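1. could you look at this predicted model? Sequence included:
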Amino acid sequence: MKNFIFLFAFLPIFLFAQDIPKFNLDVEKVKKNEPLPEGWIKWGMDEFDLNIDKTTRKSGKRSIKISNNTDDLKGEEFGSTAYAIPAQYKGKEIELTGYFKTENATDGFVGLLLRIDGGQGAFDNMDKRAIQGTNDWKKYSIKLPYPIGAKTIYIGGIIAGKGTAWFDNFDVLIDGKSITKLKPFIPEPAKATLDKEFDEGSTIDEIKLTPESTQALSTLGKIWGYVKYYHPKVATGDINWDYELFRVLPKYMKAEGYIERADVVLEWINSTLGEFEEVTYEPTSDEVKLRPNDQWFGETKADHLMHLLYRLKAADRTGTHYYIDFAPYIGNPVFQNENPYTQFDYPDAGFRLLALYRYWNMINYFFPYKHLTDENWENVILDFVPKFVNAKNEQEYKVACLELIGKIQDTHANIWQQDEALDEFFGKNISAVKFKMIENKAVVVGYYDEEKGKSSGLQLGDIITSINGLEVEEVIQKMLPYLPASNYPTQLRDFPRKALRSNNQTLEITYLRNDNEHNKTLTTYPVKDINTWNRSEKDSWSVLDSDIGYIYPATLKDGDFKKIKENLLSKKAIVIDLRCYPSKFMVFDLGNFLTPEAKNFVKFTSGELQIPGNITFGQPLQVGGNDAGTYKGKIAILINEESQSQAEYTTMAFRVTPNNKVFGSTTAGADGNVSSIFLPGNIRTMISGLGVYYPDGTETQRVGIVPDVIVKPTIKGTVEGRDEVLEKALKWINK
């Protein structure tokens, strides 16, 4: 069940006020018109039916029934039900017991499911016991070590392959005692949360910069972040590491020369954190993509401080960390307990430096694509110290954050919330005219608002040449630092949503129509009133003609995979249009249908707790397998700069199918599960948290997915309303 780990959604965690919570482990509690008992949800593929059964049960009035509803299934497809329990218990061993009954279970297995998230995690679904066939009710059990740092317990039942199974009478035991008789252990709040000294401000209002002090602040930021992730005392959560920065910073800035500064730092670390055990670390993987860089230790110019920093490399880091974890079974970093300091719109100089230090170190130790940035990440912190220290208002601070985020060149990275200060920076108002960069020209392709857009007088195919007196190319170059993206085509994709904005109610443009130049004043409207993110409402699948199927993943819904397989299996070709973001995860549901033999299509890199900064490869992942019903025709995959993240990952999976060809242009170059980051001032951003590579190690980030046949829209084709990428694909299909 190697594919199983990528298909989980985040589940609600049920919180209880009682001394001993009442869990629905006997599946008897139900809500009207709900298909499953209260608190139970569905995991797995659409082809499996999950419902309450009142006729077949072990005891009580009902059980949960799981069955497949098609014959075209094999062992790697599954249906499962799950129930979430807060991991608020102490113990060394956890056991799940439950009863299930099976009928005609083949090509897979039936089992209980136990998954623990948090800490080192734990998982078992009884797949190795290979229970199949027809069996009467029987009690089964799974036992696992109960991990330190456990956060959520997921229990359930699963059937992979064909057949039917019923599940009833679950129980969870911690060290042999049922949780139905145990009081939850709710730990004391981390000591770090009790430190309130700087809640109202860092007390650092002004920092005078010289070349020497700028360099010193850059070095301090590196030391602060290194100790944060490497010292085991910080990992416990006993120390508010943000506020420790504000305690050491004034002393550090008053010190004269590098020896005094080193003395301040050394005394601060030793007195605050104390001694630590040292161990020898064995390699955690044979394939290390990135290693932490310690050459910057030399910036301190002090042997006694460098000695401590080198010793910290061997500090005994085990189990958990207060500020960092990794998503279970996936591996992208989870930046936790990072206070967003929502009380500040414009934080003081100390908090502004904290924002820079926090972000730079998160990227330095846990961003899997740090090596791909145009600018050496080691130098970025030095360049940005003046921008954060000297930001004289809210807008300058947030623009500095946006520019810093852009330096990692990741399309997942941006400031992901509407912000008044940034709205004013780009312009609070926007034109209703929609344009795209086609053949390196700003070509009108429609309107964000039909009525308002048409009233502008601009028409399809008009070419905008200047905006408020600046040539379009000048506007692009001016705006590039504030358009975070993995590559230039994706920056051009995002440019139009920012270009026709103004803080005035109008803006001036020059445009060409039939090679004749015209000037025009465009009315602008409040940004909140214009939807620039409207998407196509195409059907999720259709038949283009009698023998060619078409899939548009942006509008996929439950049940569509079954219909696609039933209706498109006999077609001579299928077009998969990934110039959109899939609404459903389709890699294995559809990939197994398209690929007769299991093939490697991807491998990942991720970080680790023991050696922060180590980014290592895991094993390749496969899609496909033997299936008599697998699709036999041609497969045309369409991509462009709108193809991002899941769309790129899906293209990689479908590219291993027989007789396929990819048409279009380079994609957004941002792949991998995202990790959220919060910065002071309640700024939310994200990064690509996993490194995604082809099985041979070829990069996808920034490069994107490169098509087999490059097809880019033309101005002529756009004006004529043609889809030139689709046309090229159909020509190949019909060859």
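-> Perfect, thanks for sending it. Residues are numbered from 1 along each chain as shown.
2. and the gap between the closest residue to Tyr229 other than its chain neighbours and Arg358?
-> Nearest non-adjacent residue to Tyr229, counting by Cβ to Cβ, 6 or more residues apart in numbering: Pro612, 4.0 Å away. In this view, the C-beta of every residue, glycine as well, is placed from N, C-alpha and C. From Pro612 across to Arg358, the span is 14 Å (Cβ to Cβ, to the nearest Å).
3. so for those two, which sits in the more crowded spot?
-> Arg358 (26 against 21; other Cβ atoms under 10 Å).
4. could you say which helix or strand holds that one?
-> Using DSSP states H and E, Arg358 maps to helix 349-366.
5. what is the rounded mean pLDDT of that helix?
-> For helix 349-366, mean pLDDT is 98.
6. just the CA trace of that helix, in PDB.
-> Provided in PDB are the C-alpha atoms of helix 349-366 (Å, rounded to 0.1, in the frame of the first residue of the first chain):
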ATOM      1  CA  ALA A 349      12.700  47.400  14.900                       C
ATOM      2  CA  GLY A 350      13.200  44.300  17.100                       C
ATOM      3  CA  PHE A 351      10.200  42.500  15.800                       C
ATOM      4  CA  ARG A 352      11.200  43.500  12.200                       C
ATOM      5  CA  LEU A 353      14.600  41.900  12.700                       C
ATOM      6  CA  LEU A 354      12.900  38.900  14.200                       C
ATOM      7  CA  ALA A 355      10.800  38.500  11.000                       C
ATOM      8  CA  LEU A 356      14.000  38.600   8.900                       C
ATOM      9  CA  TYR A 357      15.800  36.100  11.200                       C
ATOM     10  CA  ARG A 358      12.900  33.700  11.400                       C
ATOM     11  CA  TYR A 359      12.300  33.500   7.700                       C
ATOM     12  CA  TRP A 360      16.000  33.400   6.700                       C
ATOM     13  CA  ASN A 361      16.600  30.500   9.000                       C
ATOM     14  CA  MET A 362      13.500  28.500   8.100                       C
ATOM     15  CA  ILE A 363      14.700  28.700   4.500                       C
ATOM     16  CA  ASN A 364      18.300  28.000   5.400                       C
ATOM     17  CA  TYR A 365      17.500  24.700   7.200                       C
ATOM     18  CA  PHE A 366      14.300  23.400   5.800                       C
END
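7. and that helix, what does it pack onto?
-> Applying 3 or more Cβ pairs under 8 Å, 6 or more residues apart in numbering; DSSP states H and E, one finds that helix 349-366 contacts helix 211-230, helix 241-254, strand 333-335, helix 377-389, helix 394-406, strand 674-679, strand 683-688.
8. ok, now with 7 Å
-> When contacts are defined as 3 or more Cβ pairs under 7 Å, 6 or more residues apart in numbering; DSSP states H and E, helix 349-366 packs onto helix 211-230, helix 241-254, helix 377-389, helix 394-406, strand 674-679.
9. closest one to Ile116 among the ones you listed?
-> Judged by Cβ to Cβ, the one of the helices and strands packed on helix 349-366 that comes nearest to Ile116 is strand 674-679, at 20.7 Å.
10. relative orientation of the closest one and helix 394-406 in degrees?
-> 150 degrees (axes from the mean of the first three to the mean of the last three Cα atoms, to 10 degrees).
11. any idea how the protein splits into domains?
-> 4-181, 193-284+292-412, 422-529, 541-733 (automatic domain parsing).
12. from the middle of its chain, how far away would the first one be?
-> The gap between where domain 4-181 is centred and where its chain is centred comes out at 27 Å by Cα atoms, centre = their mean, to the nearest Å.
13. kindly report the same for stretch 389-406.
-> 24 Å.
14. buried ones in that stretch?
-> Under the neighbour-count criterion of 16 or more other Cβ atoms under 10 Å, stretch 389-406 has 389, 391, 394-402, 404-406 buried.
15. so for it, mean pLDDT?
-> 98.
16. now do it: everything it contacts.
-> For stretch 389-406, the external contacting residues (Cβ atoms under 7 Å, 6 or more residues apart in numbering) are 207, 209, 345-346, 349, 352-353, 355-356, 359, 384, 387-388, 413-415, 419, 421-422, 424-425, 481-482, 484, 679, 681, 683, 685.
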